[in-house]
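Chemist: The sequence isn't on hand, but the structure is:
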């Protein structure tokens with residue numbers, strides 16, 4: 001069975017290439033071979049590989065830059081997944097796609113569930129929501145896994161940025177009024193593999209997808225703020241750096257962020273198993 005994995009050089013894609021081994025023949029492509037901004041190339045690669053399953057972690061993730069590049073963000077995050085969904089349906093294949101907590105407005109301190117009303121505050125969130133909608137509308141068997149505050153030991157992410165800045169500066173001013181759950185890229189990859197192993201045990205049957213497909217929240221257990229996350233990072237790293245909590249208003253950015261970005265993973269936990277607490281995952285990641 002062929003599995004087409006996109007974005008294999010990204011932080012989630014890199015981990016998925018390892019985690020998906022044993023489930024099938026993983027055909028891993030990066031942007032040099034499959035550029036999601038080139039919709040014809042996306043279609044051509046899917047038709048050439050003819051996978052039974054497409055796993056798509058590739059995305060436009062520059063949240064602030066998206067405000068000045070809405071068309072490009074939409075093409076990569078909405079139109080390209082729509083093309084993948086159409087091609088997967090034509091092949092009789094299925095699609096696993098990753099989305100974000102930023103599809104929600106984040107104006108409520110409660111943890112969001114999959115059926116809660118969406119309402120993105122920024123271009124990035126709107127483009128990811130449009131991608132979800134294109135996949136669902138296509139009718140392809142699918143899993144859409146919404147995650148949050150993704151980090152890892154490669155690529156560009158909050159963890160690596162804080163480690164670098166804490167070594168360079170004596171003091172860091174960190175936003176303390178945005179709430180979410182940092183999620184390790186390896187947690188996302190390993191949980192995906194656990195889910196797909198169950199699907200494989202049923203030969204990726206149409207019945208399995210009808211019963212288990214749809215949208216799930218896949219984010220670490222617990223919740224924190226960017227300030228508390230940074231505290232945990234520098235404690236784990238043993239770096240001496242003073243942290244000063246600030247408000248979102250004191251650190252304006254081109255894109256608005258949700259104040260409350262916590263996702264409830266209860267549906268995924270009930271169907272597929274364990275997701276670690278964010279502190280436990282951070283400790284493992286930094287070890």
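Modeler: Cool, the structure landed. Remember, predicted model here, so these are calculated numbers, not experimental data.
Chemist: can you list contacts of stretch 254-262?
Modeler: With contacts defined as C-beta atoms under 8 Å, 6 or more residues apart in numbering, stretch 254-262 is touched by 63-68, 101-102, 104-112, 121-124, 148-149, 177-181, 219, 223, 248. All C-beta spots, glycine's among them, are computed from the backbone N, C-alpha and C.
Chemist: Just the buried ones among the residues you listed, please.
Modeler: By neighbour count, with 16 or more other C-beta atoms under 10 Å, the contacts of stretch 254-262 hold 63, 66-67, 101-102, 104-106, 111-112, 121-124, 148-149, 178-181, 219, 223 as buried.
Chemist: Show me these that map onto strands.
Modeler: Counting by DSSP state E, the members of the buried ones among the contacts of stretch 254-262 that fall within strands are 179, 180.
Chemist: what about the helices in this protein?
Modeler: Assigned by DSSP state H, the helices in the chain fall at 11-19, 39-49, 70-74, 80-91, 123-138, 158-168, 185-201, 206-212, 226-237, 266-272, 278-286.
Chemist: in stretch 71-84, what's buried?
Modeler: 72-84.
Chemist: Any chance you could list what contacts it?
Modeler: By C-beta under 8 Å, 6+ apart, the residues outside stretch 71-84 that reach it are 6, 36-37, 39, 42-43, 46, 54, 56, 58-60, 66, 95, 97, 123-124, 126-128, 130-131, 133-135, 137-138.
Chemist: could the buried residues of stretch 71-84 be laid out in JSON lines, adding distance to residue 253 and pLDDT?
Modeler: As requested, the buried residues of stretch 71-84 are exported to JSON lines (distance: C-beta to C-beta, whole Å; pLDDT from 0 to 100):
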{"residue": "72", "distance to residue 253": "19", "pLDDT": "97"}
{"residue": "73", "distance to residue 253": "15", "pLDDT": "97"}
{"residue": "74", "distance to residue 253": "20", "pLDDT": "98"}
{"residue": "75", "distance to residue 253": "23", "pLDDT": "98"}
{"residue": "76", "distance to residue 253": "20", "pLDDT": "97"}
{"residue": "77", "distance to residue 253": "19", "pLDDT": "98"}
{"residue": "78", "distance to residue 253": "22", "pLDDT": "97"}
{"residue": "79", "distance to residue 253": "26", "pLDDT": "98"}
{"residue": "80", "distance to residue 253": "25", "pLDDT": "97"}
{"residue": "81", "distance to residue 253": "25", "pLDDT": "98"}
{"residue": "82", "distance to residue 253": "28", "pLDDT": "97"}
{"residue": "83", "distance to residue 253": "31", "pLDDT": "97"}
{"residue": "84", "distance to residue 253": "30", "pLDDT": "97"}
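Chemist: would you turn these into TSV with distance to residue 282?
Modeler: Putting the buried residues of stretch 71-84 into TSV (distance: C-beta to C-beta, whole Å) gives the following:
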residue	distance to residue 282
72	32
73	29
74	33
75	34
76	29
77	27
78	31
79	35
80	31
81	29
82	35
83	36
84	32
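Chemist: tell me which of those residues is nearest to residue 172?
Modeler: residue 73 (28.6 Å; C-beta to C-beta).
Chemist: For the closest one, give its distance to residue 127.
Modeler: According to C-beta to C-beta, to the nearest Å, residue 73 and residue 127 sit 4 Å apart.
Chemist: Perfect, I'm done here.
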